[in-house]
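S.K.: Everything below, folded, please.
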Amino acid sequence: MRLKVLNTLQKYGMLLPGDFLIVGLSGGADSVALLHCLASLRENEHFSLRACHVNHQIRGEEAFRDQVFCEGLCKELGIPLTVWIKDVPDFAQKQNLGLEEAARELRYSCFFQTAEEWRSQLPPMASVKIATAHTLSDSLETVLFSMARGTGLAGLCGIPPIRKSADMAHPDIIRPFIEATRSETEEYCCKNQLEYMTDSTNSDERYTRNKIRRQIVPLLQEINPSIEQSAARMTESLREDRECLDSMTKEFFQRHGLENIGQYEKGNLVLCGVSRAPWLELPQGLAVRVIQQMLISAGLEYDRKRLFLCRETANRGCGAVEIQKGFYIKANENRIQLEKRVEPEPYFEIPIQFAGQSAEQTVQAAGKIYTLRLLDYEQTEKFKKNSSNSLKNCLDYAKIYGTVKLRQRKNGDAYIPWKRSGSHSLKKLFQEKGIAPLERSRLAILEDEGGILWTERIGCSQRAAPGPDTHCLVKICVLGQTGEIPPPQSGTKLE
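M.R.: Here you go, the predicted structure:
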């Protein structure tokens, strides 16, 4: 088994010397064998190891039995362990999820949080990865499950040896046992006299995976005793085909992607798109993948029927298909693009008050965060010396008159921008900058009792602009689109 794991690690480049690895430890045969096997390899392969166990609170006393077992095993092996206690049934009910899906979501959330905490204690460039004990048997069951629900190429590829994280904040997930069967992991435990816990729900055939494992796989093994190895050859071949198609899709976007991404058209924001003429020349399978990638890039859920409706619309060169509320695939003679309907921003007007030197006020408006910071003399001199290019988003505090507010633009707004002569309407200034009408309602204006002080994307007014005699600056910063940060899930973590 150790040789097989070493070959798998090397074959897929799963681990490099100096990596930091977290093993997801459930207490079952697969994860116990994985932890023990990796522990025996860590010195020669030069990686660091720790474990993470999640008590899902689904099986009552049995769940705490597994937790105690994992704590004892890690103590015996000298491996640090992080334990999380999560109320999965409560989470599933609140999120309207099945127990299996809820457990998986919380489990990986705990793995990622453990990785983040470990990473915070390591050098900046340290590589932290997560190892799960998925086996060849699990991969076969996943393929069968996907086939039963109806799947495309992705579902037939089984469990990937490595799952690269799309989020840079999350570590990659590796599967060192992906070329070993479940019977091999149990045999490894037996040979090394390793105890392991058995999950009583594994025999409950109300769960689809259990039914596949207990009923369908044995029938396939009667036809082909090496069904797991045969399935592995199939999934490996299909993964290679998928990687080739993904590469071709990526290349197509690079060559024929649209340049109007992020612009507004008739009240909609263009998220992504391609030129239609070269798209029409693609084989239909690859053409569908191009549209599919557009939907995936926006995180949209879709079914096969809707995907093919998009293809038909693109082939016609006219019309639109609503993917989810407010999201559309649209086509015309020249382009195929994904658009998001954007409603005009409701009017906003927020008072701004400075409490004293170095005071800072942060407000939210139009989906963004605006920070106005009052710099003292020393900070102002330093900023003027080192940040001359940023002064257009600064004001001379001494030139601000009366009450100040951050508001949305109004019809007829005009002012004299810094380093320009004569008053200009905001409409004309926005047109010069190529800012679409819908986007203009999402830009903020700062004004005092004397008029406009600063306009987002344009800059400060000539009246309040910094100069050689400025001793106190107001620095204005705009931070992207705001999003609600979900509160941490309820639960207890034990080290």
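S.K.: Quick check: phi and psi at I85.
M.R.: For I85, the backbone dihedrals are phi -110, psi 120 (criterion: degrees, to the nearest 10).
S.K.: Just the pLDDT for the nearest residue to R2 once chain neighbours are set aside.
M.R.: Nearest-residue entry for R2: C37, 5.9 Å, with adjacent residues in sequence omitted and distances by CB to CB, 6 or more residues apart in numbering. No exception for glycine: its C-beta is placed from N, CA and C like everyone else's. According to the per-residue confidence, C37 scores 97 in pLDDT.
S.K.: again, but for D376
M.R.: According to the per-residue confidence, D376 scores 83 in pLDDT.
S.K.: how close does it sit to Y397?
M.R.: D376 sits 10 Å away from Y397, going by CB to CB, to the nearest Å.
S.K.: who's more crowded, these two?
M.R.: Higher neighbour count among D376 and Y397: Y397, with 18 against 14, using other CB atoms under 10 Å.
S.K.: how close does the more buried one get to G450?
M.R.: Distance check for Y397 against G450: by CB to CB, it reads 14 Å.
S.K.: Next: I212.
M.R.: Spatial separation of I212 from G450 under the definition CB to CB is 73 Å.
S.K.: Look at those two and report which has more neighbours.
M.R.: Using other CB under 10 Å as the criterion, I212 and G450 rank with I212 on top: 20 against 13.
S.K.: My guess is that one contacts V143. True?
M.R.: No - between I212 and V143 there is no contact under CB atoms under 8 Å: 9.7 Å.
S.K.: What lies in contact with stretch 273-283?
M.R.: Contacts with stretch 273-283, where a contact means CB atoms under 8 Å, 6 or more residues apart in numbering, come from 252-253, 255-258, 260-261, 287, 290, 294, 314-315, 317, 331-338.
S.K.: same question for the longest helix seen in the chain, mean pLDDT?
M.R.: Using DSSP state H to assign secondary structure, the helix with the most residues in the chain is helix 227-256. Averaged over helix 227-256, pLDDT sits at 94.
S.K.: now for that helix, which elements pack on it?
M.R.: Packed against helix 227-256 by the contact rule (3 or more CB pairs under 8 Å, 6 or more residues apart in numbering; DSSP states H and E) you find helix 136-149, helix 153-156, helix 217-223, strand 268-275, helix 276-280, helix 284-297.
S.K.: Grab the CA positions of the first one and hand them over as PDB.
M.R.: Output of helix 136-149 as PDB, limited to C-alpha atoms (Å, rounded to 0.1, in the frame of the first residue of the first chain):
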ATOM      1  CA  LEU A 136     -11.100   3.800  -6.200                       C
ATOM      2  CA  SER A 137     -14.300   2.300  -4.900                       C
ATOM      3  CA  ASP A 138     -15.600   5.700  -4.000                       C
ATOM      4  CA  SER A 139     -14.800   6.900  -7.500                       C
ATOM      5  CA  LEU A 140     -16.800   4.000  -9.100                       C
ATOM      6  CA  GLU A 141     -19.800   4.700  -6.800                       C
ATOM      7  CA  THR A 142     -19.600   8.400  -7.800                       C
ATOM      8  CA  VAL A 143     -19.700   7.500 -11.500                       C
ATOM      9  CA  LEU A 144     -22.700   5.200 -11.100                       C
ATOM     10  CA  PHE A 145     -24.500   7.800  -9.000                       C
ATOM     11  CA  SER A 146     -23.800  10.500 -11.700                       C
ATOM     12  CA  MET A 147     -25.000   8.100 -14.400                       C
ATOM     13  CA  ALA A 148     -28.300   7.400 -12.500                       C
ATOM     14  CA  ARG A 149     -29.000  11.100 -12.300                       C
END
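S.K.: Please state the offset of that helix from the chain centre?
M.R.: On the basis of CA atoms, centre = their mean, to the nearest Å, helix 136-149 is displaced by 25 Å from the centre of the chain it belongs to.
S.K.: counting contacts, what elements does that helix pack onto?
M.R.: Helices and strands touching helix 136-149, by 3+ CB pairs under 8 Å, 6+ apart, are helix 153-156, helix 182-191, helix 208-211, helix 217-223, helix 227-256.
S.K.: coming back round to it: any idea how many residues pack against the residue nearest to R2?
M.R.: Applying other CB under 10 Å, we find 23 other residues in the vicinity of C37.
S.K.: So it lies in a helix, does it not?
M.R.: Yes - checked against DSSP: H, G, I helix; E, B strand; the rest coil, C37 lies within a helix.
S.K.: ok, it touching K4?
M.R.: No - under the criterion of CB under 8 Å, C37 makes no contact with K4, lying 9.3 Å away.
S.K.: pretty sure A359 is touching L374, no?
M.R.: Yes - A359 lies in contact with L374 (CB under 8 Å); the separation is 4.7 Å.
S.K.: show me where the stretch 1-150 of the chain has helices.
M.R.: Secondary structure of the stretch 1-150 of the chain (DSSP state H, counting those that start in this stretch): helices at 2-11, 29-45, 61-77, 88-95, 99-119, 136-149.
S.K.: Ok, the stretch 301-450 of the chain next?
M.R.: 304-316, 377-386, 426-433, 437-440.
S.K.: Next, the angle from the longest helix of the chain to strand 268-275.
M.R.: Here helix 227-256 points in a direction 100 degrees away from that of strand 268-275 (axes from the mean of the first three to the mean of the last three CA atoms, to 10 degrees).
S.K.: quick one: helix 227-256 to helix 284-297, angle?
M.R.: Using the same axes, to 10 degrees, the direction of helix 227-256 lies 80 degrees away from that of helix 284-297.
S.K.: Determine the next helix or strand in the C-terminal direction from helix 227-256.
M.R.: strand 264-265 (DSSP states H and E).
S.K.: and the gap between E339 and G326?
M.R.: When distance is defined by CB to CB, E339 is 9 Å away from G326.
S.K.: F64 too?
M.R.: Here the criterion is CB to CB. By it, F64 lies 45 Å from G326.
S.K.: What's the local residue count around the nearest residue to A63 once chain neighbours are set aside?
M.R.: In this structure, A63 finds its nearest non-sequential neighbour in N55, 5.2 Å apart by CB to CB, 6+ apart. Residues lying near N55 (other CB under 10 Å) number 24.
S.K.: quick one: pLDDT of N55?
M.R.: With respect to pLDDT, N55 scores 94.
S.K.: how much space between it and D90?
M.R.: Distance of N55 to D90, computed by CB to CB: 13 Å.
S.K.: about what we covered before: looking at the helices and strands packed on helix 136-149, which is buried most?
M.R.: Compared across those, helix 182-191 shows the largest average neighbour count, a mean of 18 (mean count of other CB atoms under 10 Å).
S.K.: got the angle for that one vs helix 227-256?
M.R.: Here the directions of helix 182-191 and helix 227-256 differ by 120 degrees (the same axes, to 10 degrees).
S.K.: and helix 182-191, average pLDDT?
M.R.: 96.
S.K.: Equivalent analysis for stretch 138-154, please.
M.R.: The predicted confidence, averaged over stretch 138-154, sits at 90.
S.K.: who's in contact with it?
M.R.: Contacts to stretch 138-154, defined as CB under 8 Å, 6+ apart, come from residues 155-156, 158-159, 178, 182, 208-209, 212-213, 216-217, 227-228, 231-232, 235, 238, 241-242, 245, 304.
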